[in-house]
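1. The following comprises the amino acid sequence and a computationally predicted model.
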Amino acid sequence: LAVEPPASRFSPDGNLEIQVDQSGLAVGSYEGTITITDEEHPGPPVTVSVTLNVTESGPGGEAPLITREGVVNGANLTSGRIAPGSFVTVFGQNLATTTAQADTFPLPTKLGGSEVIFNGVAAPLLYVSPTQINFQAPAETYSGRGGVIVRTGFGQNLSLPIDVLHTAPELFTMGERSASALNQDGSLNGPGNPASIGSIVTLFLTGQGPTEPHSASGWPAPSDPLARVVSCTKAFVAGREAEVQYLGLAPGFAGLAQANIVIPSGLTGELAVKVQVDDRDSNTAFIWVQ
């Protein structure tokens, strides 16, 4: 940002989101300024220089279209909570001209001719299609007000404002209720394959927040040393606090986190589970214990 005058109560560093309706504008470059005033500021207003580039869309295509309700946490597709490093799913129209899935590391930032710009940074992509994109919010981004742009060869949507949280734990689920969980022997937990009391169950989640060591966006998490969550973590089974043996990134995966918890004694049946990171609860899911 070019801020004038440079000496004032305004900070010259920051992020300003500007939305422009480019319909009806001819192809070309447009320059202008935006004036920012503050009633409590004793001096003059400041001006921000902006440039708008309008390019010609390809034949027969339309720019991507998404809505606020179309940006959700990728773990369960119901929550709108997003943290740096989270898996995110975008639903909309004209999001890509083909269907493609990433199959190499690091995850690409351009896939099937589509890009996702998250808080001004190109995000690692897992899957793209005309109506859905799965991506990882860059772990290096900031928390606070941000924006999501989907860009193709036919244009891009107006930046969609979103709130990025420091942590936003969300458990992966199968269907509406069941947690995506593994028993201690590595088998999938379910009503026909319950966990044993005192055994370790692995829950999968996203939105865990910062880890130590840091794992770069789009790259698989390390196994030695493990990338542990730096915030305070807890887990609960049927309302009772359970021992957390590990909560951090799943080795070999990009952005996926796991919580290894010990099933407390005296609990059987279909049980509600949730994790907590930095005093922020995840969604509630269910596992089976006998």
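-> Perfect, thanks for sending it.

2. Is the nearest residue to Val90 once chain neighbours are set aside bridged to anything, and to what?
-> In space, Val90 comes closest to Ile133 once its chain neighbours are excluded; the distance is 4.6 Å by C-beta to C-beta, 6 or more residues apart in numbering. Quick note: C-beta positions are derived from backbone N, CA and C, even for glycine. When bridges are called by DSSP bridges, Ile133 pairs up with Val90, Val128.

3. Could you report the pLDDT at Ile133?
-> The score at Ile133 is 98. That number is its pLDDT.

4. Gln93 is in contact with that one, correct?
-> No: with the criterion set as C-beta atoms under 8 Å, Ile133 and Gln93 do not qualify as a contacting pair; they are 11.7 Å apart.

5. And those two? Which one has more around it.
-> Taking other C-beta atoms under 10 Å, Ile133 and Gln93 do not tie; Ile133 has more neighbours (30 against 14).

6. could you list every residue that touches that one?
-> By C-beta atoms under 8 Å, 6 or more residues apart in numbering, the contact set of Ile133 is Thr89, Val90, Leu95, Ala96, Ser114, Val116, Leu125, Tyr127, Val150.

7. For Ala272, see how far away the second one is.
-> In other words, Val90. From Val90 over to Ala272 the distance is 29 Å, taken as C-beta to C-beta, to the nearest Å.

8. could you say what helices and strands the helix or strand hosting Ser29 packs with?
-> Using DSSP states H and E, Ser29 sits in strand 28-36. Where contact means 3 or more C-beta pairs under 8 Å, 6 or more residues apart in numbering; DSSP states H and E, strand 28-36 is packed against strand 46-54.

9. for the record, mean pLDDT for the strand it packs on?
-> This predicted structure assigns strand 46-54 an average pLDDT of 76.

10. Might you calculate how far that strand sits from the centre of the chain?
-> Its chain's average C-alpha position is 28 Å from that of strand 46-54, according to C-alpha atoms, centre = their mean, to the nearest Å.

11. And the next helix or strand past it?
-> Next along the chain from strand 46-54, counting by DSSP H and E, comes strand 65-73.

12. Quick check: mean pLDDT of stretch 157-165?
-> 93.

13. scratch that, stretch 88-107 is what I was asking about
-> Rounded mean pLDDT across stretch 88-107 is 96.

14. Give me the buried stretch members for it, please.
-> Buried residues in stretch 88-107, defined by neighbour count with 16 or more other C-beta atoms under 10 Å: Val88, Thr89, Val90, Gly92, Asn94, Leu95, Ala96, Thr97, Ala100, Ala102, Leu107.

15. Alright, calling it a day.
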